[in-house]
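Q: sequence-free structure coming up:
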Ligand code: PMP
């Protein structure tokens with residue numbers, strides 16, 4: 001990007017005035033705000049003495065490894081997984097992704113020749129910028145993380161296809177296909193088709209399809225993605241995809257329900273290892289979720305209420321960045337139509353300094369680099385903005401402060 005010169009003295013003065021204000025703001029993590037959590041207040045009183053599932057199961061008791069059918073039915077369409085192949089589990093999809101990686105290390109996957117732990121090398125493709133927790137959990141198990149650039153329709157498939165075809169150590173790819181964290185990108189049908197059909201050197205290659213923002217629209221236009229499970233089956237790679245999702249940012253972030261969907265063979269594999277891990281999920285939580293959300297239309301209506309609360313915060317970030325940096329060439333950013341994040345790109349070599357300056361001025365930002373494997377953004381240019389948790393006035397204040405920090409970091413770097 002071509003940047004307009006920033007006057008260092010002005011930038012320093014503005015920054016000093018900012019520090020003087022002694023702010024204490026936090027736009028680090030994509031958490032729902034208390035007002036959003038209040039939308040699910042009824043969950044705190046449900047299931048109101050009820051404990052029977054629709055098939056008569058006593059939800060208070062052990063058992064029911066697949067989770068309650070009525071809840072799986074509500075989410076089957078949104079997650080594009082047939083009810084029979086969709087499991088409702090504990091309170092977190094990240095936990096399911098973690099366990100899936102661990103189980104793949106310890107138990108040979110359908111189509112695999114050996115456990116990942118017995119491979120000389122295990123690597124995963126990481127579209128960047130991406131979700132830091134995906135990268136951290138794979139890194140924790142010694143999995144090598146290989147960066148792949150994101151385009152505005154998903155990962156750069158020329159790179160993905162080439163690497164997956166030539167390197168048998170590459171066992172998978174992390175994907176957030178709708179309203180990606182943090183770029184807001186929704187994968188095109190063409191990207192999904194190529195992911196489903198591409199030859200892979202590893203016979204047990206898996207796409208970790210983390211559809212965390214499946215119903216999290218910010219506008220009337222609801223992004224749609226291709227049905228990857230079906231595309232994989234049609235391409236003769238039925239077992240290639242693991243689908244994840246959760247109600248964390250629909251109902252209660254800490255007390256929601258996580259989902260896992262896949263081919264019949266993968267579900268059989270997963271259920272086998274799962275049976276050693278638990279006697280069954282928290283079905284009382286699942287029952288109250290089914291009672292509260294009722295059906296897919298209930299989810300849609302509920303998500304509109306979330307959008308009413310958070311869309312103005314996203315709009316405020318965009319408005320302030322446009323007013324303050326719009327023509328300066330100092331930054332670019334995305335205007336997501338869903339999800340939880342905005343990705344701000346600043347001139348190369350300045351993101352860390354922006355985050356440091358903001359911290360000194362009392363504004364906490366996600367560490368620069370967190371959007372890349374090993375916390376290393378080679379260009380040092382990406383900053384993730386998470387505007388959902390603070391109230392609107394705080395978001396506005398934090399973004400104005402951020403602008404001051406961008407100007408100073410660039411001026412110092414000139
Ligand atoms: N996946 C993505 C892409 C996320 O952004 C998040 C939350 N920030 C999660 C998963 C975590 O999901 P859960 O609460 O279901 O563990």
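A: Nice, I can see it. The shown structure was predicted, so the numbers you read here are calculated from the model rather than taken from an experiment.

Q: got the contact list for the residue in the stretch 301-414 of the chain positioned nearest to the ligand?
A: Using Cβ to the nearest ligand atom, residue 340 is the residue of the stretch 301-414 of the chain that sits closest to the ligand, at 6.3 Å. Quick note: C-beta positions are derived from backbone N, CA and C, even for glycine. Residues in contact with residue 340, defined by Cβ atoms under 8 Å, 6 or more residues apart in numbering, are 30, 179, 181, 213, 216, 249, 386, 388.

Q: ok, the last one - how many residues close by?
A: Meaning residue 388. Using other Cβ atoms under 10 Å, residue 388 is surrounded by 22 other residues.

Q: now the end-to-end length of stretch 124-138.
A: End-to-end distance for stretch 124-138, by Cα to Cα, to the nearest Å: 8 Å.

Q: buried residues, the longest helix belonging to the chain. List them.
A: When the chain is parsed with DSSP state H, its longest helix is helix 296-325. Using 16 or more other Cβ atoms under 10 Å as the test for burial, helix 296-325 gives 299, 302-303, 306-307, 309-311, 313-314, 316-318, 320-321, 324-325.

Q: sorry, back to before: could the contacts of residue 340 go into TSV alongside pLDDT?
A: TSV is the format used below for those (pLDDT from 0 to 100):
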residue	pLDDT
30	90
179	98
181	93
213	98
216	98
249	98
386	95
388	97
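
Q: now those in CSV, with secondary structure?
A: As requested, these are exported to CSV (DSSP: H, G, I helix; E, B strand; the rest coil):
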residue, secondary structure
30, coil
179, coil
181, coil
213, coil
216, coil
249, coil
386, coil
388, coil
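
Q: I'd like the residues you listed as CSV, with distance to residue 146 appended.
A: Output for these, formatted as CSV (distance: Cβ to Cβ, whole Å):
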residue, distance to residue 146
30, 25
179, 24
181, 19
213, 24
216, 28
249, 28
386, 26
388, 30
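
Q: so which of the residues you listed reach the ligand?
A: With Cβ under 6 Å from any ligand atom as the criterion, these include 30, 181 near the ligand.

Q: could you tell me the end-to-end distance of stretch 375-385?
A: End-to-end distance for stretch 375-385: 16 Å, by Cα to Cα.

Q: show me the residue at the heart of the chain, geometrically.
A: Centroid-nearest residue in the chain, with Cα atoms, centre = their mean: residue 181, separated by 4.6 Å.

Q: so who does the nearest residue to that one once chain neighbours are set aside touch?
A: Sequence neighbours aside, residue 131 is the residue nearest to residue 181 in space, at 4.4 Å (criterion: Cβ to Cβ, 6 or more residues apart in numbering). By Cβ under 8 Å, 6+ apart, the contact list for residue 131 reads 174, 176, 181-182, 210, 371.

Q: chain center to stretch 196-212, what's the gap?
A: Stretch 196-212 sits 17 Å away from the centroid of its parent chain (Cα atoms, centre = their mean, to the nearest Å).

Q: quick check: buried residues in that stretch?
A: Buried, per 16+ other Cβ under 10 Å, within stretch 196-212: 196, 198, 200, 202, 204-212.

Q: same thing with stretch 82-93?
A: Here stretch 82-93 shows 83, 85-93 as buried, counting by 16+ other Cβ under 10 Å.

Q: what sits against residue 272?
A: Residues near residue 272 by Cβ under 8 Å, 6+ apart: residue 107.

Q: helix or strand for it, which one?
A: Using DSSP states H and E, residue 272 sits within helix 264-274.

Q: in that helix, what's buried?
A: Buried-residue list, helix 264-274, by 16+ other Cβ under 10 Å: 266-267, 269-270, 274.

Q: and what of stretch 38-51?
A: Buried residues in stretch 38-51, counted by 16+ other Cβ under 10 Å: 39-40, 43, 46-47.

Q: A strand includes residue 162, no?
A: No - using three-state DSSP, the secondary structure at residue 162 is helix, not a strand.

Q: against residue 198, how distant is it?
A: Using Cβ to Cβ, to the nearest Å, one gets 9 Å for the distance from residue 162 to residue 198.

Q: what residues does the stretch 151-300 of the chain have near the ligand?
A: 176, 181, 210, 212, 246, 248, 258.

Q: what's the farthest-apart pair in those residues?
A: Spatial extent of these (Cβ to Cβ) is set by the pair 181 and 258 at 16.2 Å.

Q: hmm, back to that, which among the contacts of residue 340 gets closest to residue 355?
A: When those are compared against residue 355 (criterion: Cβ to Cβ), the nearest one is residue 386, at 13.1 Å.

Q: show me what contacts the residue lying closest to that closest one once chain neighbours are set aside?
A: What sits nearest to residue 386 in space, not counting adjacent residues and going by Cβ to Cβ, 6+ apart, is residue 30, at 4.4 Å. Taking Cβ under 8 Å, 6+ apart, we find residue 30 in contact with 181, 249, 340-341, 386, 388-389.

Q: the buried residues of stretch 82-93 in strands, which ones?
A: Applying DSSP state E to the buried residues of stretch 82-93, the entries found in strands are 86-88.

Q: now the buried residues of stretch 38-51 in TSV, with distance to the ligand, secondary structure and pLDDT?
A: TSV is the format used below for the buried residues of stretch 38-51 (distance: Cβ to the nearest ligand atom, whole Å; DSSP: H, G, I helix; E, B strand; the rest coil; pLDDT from 0 to 100):
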residue	distance to the ligand	secondary structure	pLDDT
39	17	coil	98
40	14	coil	98
43	15	helix	98
46	20	coil	98
47	21	coil	97
